[in-house]
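A.B. asks: based on what follows, work out the 3D shape:
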Amino acid sequence: MTPSTEWKEVIAPDETATFERLAQDLAGLQAAVAAKKGVHRALHAKANLLARAEFEVLASLPPHARVGLFAEPKKYDAVVRFSNGGPAPQGDKKPDVRGLAVKVMGVGGKKLISGMESAPTQDFLAILSASQPFRTPEDFVWFVVNARQPLTLLPKALFRFGPSVFPLLSKLQKGLGAPLTALHTNRYFSALPIRFGAYAAKYSFAPLDADASTGPVDTAGKPDLGGALGKLLETRSLRWELQMQFFTDEQATPLEDSTRDWTGPWTPVARLTLPQQSVSSEAGKKLAAWGEPLSFDPWHAQEEFRPLGAMMRARNAAYRVSTIARKAAPEPAALP
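C.D. replies: Numbering: from 1, shown residues only. Take a look at the predicted model:
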C-alpha cells in the first residue's frame, strides 16, 4: 500500500530564534563539561566503539521507497559509532541512552546543510527508544541542562511542569533504565521522522544476529559494551536491517508529537553489515582516531531525506553550534 503524502509540519513564527537560544544553552553545557573533562560532543560524548561497515540498498523495493540513496540497489562503505548519550563520558553501568550513528560514504546528490551541499555523506542516527519522553525542544534542553544537578531536578521539574512531570519522568526512567544488553542485540530507532521523497517516515535498525553469542557484557563486574562488541567482531560479522515506517495519518503516525510511538508496518530498505574486524589492531585504532572527530548529524542528508518536526528542526541549530565548538572534522570523502 502506498503511504500518505498528507503530512504537514507545524512551524511557530519565532521558531528560529527559539532554536538558536536552545542551541546556546546546550553550548553552555558543553563548555561546562569541557572545563572539567575535556572537549566532547554536547551529547553522546562517549564512543563505545567505532567500526567499519557496509551499507547495502536492497533490491526490489516498492516504488514509493525508491528515492534518493535508495533509488537502486547499491553497496556503500560506511562507518558506525556506538555511543552512550550523556554529555560526559561515564561508565556503562550507569543508566544512559544508547545510540547508533551511521555515516554512509560516497553518496551523491545535493545535501541540506549550507556550505556542505556537495558533501558525499549521508548520516542515520538512532537510539533504543521508538519515541522520546519530551514533547518540545524546550522541554528536552531544560532537562538536559538541569540534570547536571540531580538533587534539585525533581522540585524544579515539579515547578515547571506540574503533575504532568510524573508520566514524563516515568517514560524517561523506562528508557534510561533499560536492561544492559549487548550492543549487537539491540534494535535502534530514529525516534523522530524524516522526509522520504514525497512521504514521511521513521526508521529503525533491526538486528539480524540478535541470537548470536554475545561475549561477556561484564568484565570483572564492570560492564564494557564496546569491549564486548569488539571481541565479538574479531570472530564474526554482524548485521542490521534498516526499515522504514511510513506516515499514514496524524492519529497513527503523528508528525510533531515526539512522545508517541508510531503504529504501522515496517518496510526493509537496506542492510547494515559490520564485517569481521579487529578494532584493537593498529588499523582499528587508526579508524577510531579518524572517526571520533567526525560529526554524526541527521541533517547530513540528501534533500529528499530532510528531518521533520520541531525536535528535528531544533537539532539543526544545536548540532551546528556543537560541531563548531569542538572543531569537528569536515565530512570525509572516503574511509581511511
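
A.B. asks: now do the SS call for the residue sitting nearest the centre point of the chain.
C.D. replies: Residue closest to the average C-alpha location in the chain (Cα atoms, centre = their mean): residue 125, at 2.5 Å. The three-state assignment at residue 125 reads strand, by DSSP: H, G, I helix; E, B strand; the rest coil.

A.B. asks: again with residue 312
C.D. replies: Going by three-state DSSP: residue 312 is helix.

A.B. asks: quick one: contacts for the residue nearest to it when sequence neighbours are not counted?
C.D. replies: Closest residue to residue 312 in three dimensions, ignoring its sequence neighbours and counting by Cβ to Cβ, 6 or more residues apart in numbering: residue 192, at 5.0 Å. Placement of C-beta: from N, CA and C, glycine included. Applying Cβ atoms under 8 Å, 6 or more residues apart in numbering, we find residue 192 in contact with 132, 202, 258, 298, 307-309, 311-312.

A.B. asks: now the strands: where do they sit in the stretch 151-300 of the chain?
C.D. replies: Counting by DSSP state E, counting those that start in this stretch, the segments of the stretch 151-300 of the chain that form strands are 188-189, 194-196, 199-207, 218-219, 222-223, 238-246, 267-274.

A.B. asks: neighbouring contacts of stretch 61-70?
C.D. replies: With Cβ under 8 Å, 6+ apart, stretch 61-70 has contacts from 2-3, 57, 72, 104, 107, 109, 122, 196-199, 244, 246, 267, 269-270, 302-305.

A.B. asks: generate a ChimeraX selection restricted to the buried subset of those residues.
C.D. replies: Burial among the contacts of stretch 61-70 is assessed by 16 or more other Cβ atoms under 10 Å; the matching ChimeraX selection reads:
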select :3,57,104,107,109,122,196,197,199,244,246,267,269,270,302,304,305
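
A.B. asks: which stretches of the protein have low pLDDT?
C.D. replies: Counting by pLDDT under 70, the ranges of the chain that qualify are 34, 38-39, 42, 175-177, 211-221.

A.B. asks: just the helices in it please.
C.D. replies: Assigned by DSSP state H, the chain shows helices spanning 15-37, 137-146, 150-161, 165-176, 225-233, 282-291, 310-325.

A.B. asks: other SSEs contacting the last one?
C.D. replies: This points to helix 310-325. Where contact means 3 or more Cβ pairs under 8 Å, 6 or more residues apart in numbering; DSSP states H and E, helix 310-325 is packed against helix 15-37, helix 137-146.

A.B. asks: same question for the first one.
C.D. replies: Contacts defined by 3+ Cβ pairs under 8 Å, 6+ apart place helix 15-37 against helix 137-146, helix 310-325.

A.B. asks: would you mind measuring from residue 72 to residue 110?
C.D. replies: To residue 110, residue 72 is 18 Å away according to Cβ to Cβ, to the nearest Å.

A.B. asks: scratch that, residue 210
C.D. replies: With Cβ to Cβ as the criterion, residue 210 and residue 110 are 37 Å apart.

A.B. asks: more neighbours, the two?
C.D. replies: Legend: neighbour count by other Cβ atoms under 10 Å for residue 210 and residue 110, higher for residue 210 (15 against 10).

A.B. asks: the more buried one and residue 184 touch, don't they?
C.D. replies: Yes: using Cβ atoms under 8 Å, residue 210 is in contact with residue 184, at 7.4 Å.

A.B. asks: right, and the helices and strands packed on helix 310-325 - which one's nearest residue 321?
C.D. replies: Nearest of the helices and strands packed on helix 310-325 to residue 321, taken as Cβ to Cβ: helix 15-37 at 4.3 Å.

A.B. asks: and that closest one, which residues are buried?
C.D. replies: Of the residues in helix 15-37, those buried (16+ other Cβ under 10 Å) are 18-19, 22-23, 25-27, 29-30, 33-34.

A.B. asks: ok, stretch 53-70 next?
C.D. replies: For stretch 53-70, by 16+ other Cβ under 10 Å, it's 53-58, 61, 64-65, 67-70.

A.B. asks: which one of the residues you listed is nearest to residue 98?
C.D. replies: residue 53 (17.3 Å).
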